[in-house]
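# with the sequence up front, the predicted model follows.
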Amino acid sequence: MSGGLVCAAIDDLGRHPAGCGCGRSPETLDEAVAAAVFRAAIPQAARRRDLLRAVGATAVLAAMAETFPLGAATALAQDAGKIEKPNLKIGFIPITCASPIIMAQPMGFYAKHGLNVDVVKTAGWAIVRDKAMNKEYDASHMLSPMPIAISLGIGSNQQDWQLPAIENINGQAIVMANKHKERRDPKTWKGMRFGIPFDFSMHNYLLRYYLAEAGIDPDTDVSLRVMPPPDMVANLRADNIDGFLGPDPVNQRAVYDGIGFIHLLSKEIWDGHPCCAFAVSKSFIAENPNTFMALSRAIIDATGYANKAENRKEIADAIAPANYLNQPPIVVQQALTGTYADGLGNVVKAPDRAGFDPFPWQSFAVWIMTQMQRWGQLKRDVDYQQVAEQIYLATDAAKFMREQGQTPPGTSTKTFVVMGKTFDPAKPAEYLASFPIKRAI
């Protein structure tokens, strides 16, 4: 190590001080380690400068080496950023909500951040959950309510899971069979059968909310049937259901196949609602902290890219093939670009049909828990904010977003409007009590 490396330690501006003779800034890890040790040993900048001038850099370095193992410190610093597990498996459901997770493989976002990721297409949400909980997957595409349900032990054994990033906002729709084109008023839907992808899904909560606002009790007046997203179009064709609230591109595929129409986009229920997410177990983060950080950076990097409208067609073409979505590219393009046929004879332009904002607002989690309680899934009182803070990693997401040149919000909570009613995350109990149609806790 050179004498200049100690000089780097004594200049609080990160430059070598005047008169040291090297005239350069620290460039190596050795230099950074020695700088940190010297600053820690002598916190006062003036005393560091006086010592250097009095005895010289070589003497200072020799004294440091006798009392502190600089070589070991450098080795530790090198290991601190090392990716513990570069080869990973991530499960996904073949829907556009997972666009960032999927596209990060063929478009190189994982490789950019030092990872070799195998994205594994999976048939349904219960299978994704079980494989993730059994550690067959290192991380997973999940519905945004799923890490909450798993962490609270609802619908499965309890495990601590966390959500570092939302994958998509909006991007869902209520699709009805063509025979119901003249039956658009939900107040007339008693006796109908609807498909939803999972009990712990925004699709379930948004459809229930929409029906209840029309005076339809979703548990007694209609039938809600859980089915994997890839099966929704086939069930509509077979007349097993009258409609579904599903993810793209299955909504657009029903129109493409001529068997259904888009009744409304989910953003018309709640504009900016979350849907899918990137999720990882708390144990994985503890065991592989650097891998977790690299993976989060890759996902958030890809999500930021996906949020730009000019990139949507490229992304659609990358994820349409059989090993990913297995859909005609035009179907995926319509869903992602927001210029689409609605099945009612119109070509609609809605650029915000789908968005990709990675920030995990903790108020999203609070709203989800109110709906879990509203419909009898969560049968006990919880500290909404505490649970939200533990599972929705807003602070980490903000850090990773800034690193990728994105602009995160300055707070982790906000109010929003669902079908004309404002939700205040500071008053969840009052919000829950305001609904006339709900289950008893």
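Everything's here; your move. Numbering: from 1, shown residues only.
# contacts, neighbours, all on C-alpha from now
OK.
# any idea which element the residue of the chain most remote from its centre lies in?
Relative to the centre of the chain, the most outlying C-alpha is that of residue 54, 55.3 Å out, by C-alpha atoms, centre = their mean. Applying DSSP states H and E as the criterion places residue 54 in helix 45-55.
# re earlier: and the residue farthest from the centre of the chain, how far is that from residue 311?
Remark: distance between residue 54 and residue 311 (C-alpha to C-alpha, to the nearest Å) = 60 Å.
# how about residue 178, nearest residue that isn't a chain neighbour?
The shortest distance from residue 178 to any non-neighbouring residue, by C-alpha to C-alpha, 6 or more residues apart in numbering, is to residue 260 (4.8 Å).
# how far does stretch 128-140 sit from its chain's centre?
16 Å (C-alpha atoms, centre = their mean, to the nearest Å).
# contacts for it, please.
88-93, 122, 141-142, 159, 278-281, 284 (C-alpha atoms under 8 Å, 6 or more residues apart in numbering).
# just the terminal-to-terminal distance for it.
End to end - C-alpha to C-alpha - stretch 128-140 spans 7 Å.
# average pLDDT across it?
Across stretch 128-140, the average pLDDT comes to 98.
# one more: stretch 262-279?
98.
# and stretch 212-230, by the same measure?
97.
# cool, and stretch 421-431?
Rounded mean pLDDT across stretch 421-431 is 97.
# buried residues, stretch 377-396. List them.
377-378, 384-385, 387-396 (16 or more other C-alpha atoms under 10 Å).
# equivalent analysis for stretch 176-186, please.
176, 177, 178.
# what do you get for stretch 399-413?
Buried residues in stretch 399-413 (16+ other C-alpha under 10 Å): 400, 401, 408, 412, 413.
# now that stretch - C-alpha only, PDB.
In PDB, the C-alpha atoms belonging to stretch 399-413 read as follows (Å, rounded to 0.1, in the frame of the first residue of the first chain):
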ATOM      1  CA  LYS A 399     -33.300   3.200  -1.600                       C
ATOM      2  CA  PHE A 400     -33.200   0.800  -4.500                       C
ATOM      3  CA  MET A 401     -35.300   3.100  -6.600                       C
ATOM      4  CA  ARG A 402     -33.000   6.000  -6.000                       C
ATOM      5  CA  GLU A 403     -30.000   3.800  -7.000                       C
ATOM      6  CA  GLN A 404     -31.700   3.000 -10.300                       C
ATOM      7  CA  GLY A 405     -32.300   6.700 -11.000                       C
ATOM      8  CA  GLN A 406     -36.000   6.600 -10.100                       C
ATOM      9  CA  THR A 407     -37.800   9.000  -7.800                       C
ATOM     10  CA  PRO A 408     -39.600   7.400  -4.800                       C
ATOM     11  CA  PRO A 409     -42.200   9.200  -2.800                       C
ATOM     12  CA  GLY A 410     -41.100  10.900   0.500                       C
ATOM     13  CA  THR A 411     -43.600   8.900   2.600                       C
ATOM     14  CA  SER A 412     -44.800   5.400   2.900                       C
ATOM     15  CA  THR A 413     -48.500   6.000   3.200                       C
END
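# since we're on residue 286, how many residues are nearby?
Residues within reach of residue 286, counting by other C-alpha atoms under 10 Å, total 10.
# how about residue 348?
Residue 348 has 12 nearby residues by other C-alpha under 10 Å.
# so what's it up against?
Here residue 348 is in contact with 338, 339, 340, 341, 342 (C-alpha under 8 Å, 6+ apart).
# what about the fourth one, distance to residue 300?
In this case it means residue 341. From residue 341 to residue 300 the distance is 30 Å (C-alpha to C-alpha).
# where do the helices of the stretch 1-150 of the chain begin and end?
Secondary structure of the stretch 1-150 of the chain, counting by DSSP state H, counting those that start in this stretch: helices at 3-10, 29-41, 45-55, 57-67, 70-80, 99-103, 109-112, 125-133, 146-152.
# which stretch in these has the least confidence?
helix 3-10 (a mean of 37).
# can I get the buried residues of stretch 176-186 in TSV with distance to residue 209, pLDDT and secondary structure?
Listed next are the buried residues of stretch 176-186 as TSV, based on distance: C-alpha to C-alpha, whole Å; pLDDT from 0 to 100; DSSP: H, G, I helix; E, B strand; the rest coil:
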residue	distance to residue 209	pLDDT	secondary structure
176	17	98	strand
177	21	98	strand
178	23	98	helix
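# identify the bridge partners of residue 417.
residue 422 (DSSP bridges).
# number of residues surrounding the closest residue to residue 429 other than its chain neighbours?
Using C-alpha to C-alpha, 6+ apart and skipping residues adjacent in sequence, the residue nearest residue 429 is residue 370, 7.7 Å away. By the criterion of other C-alpha under 10 Å, residue 370 has 21 neighbours.
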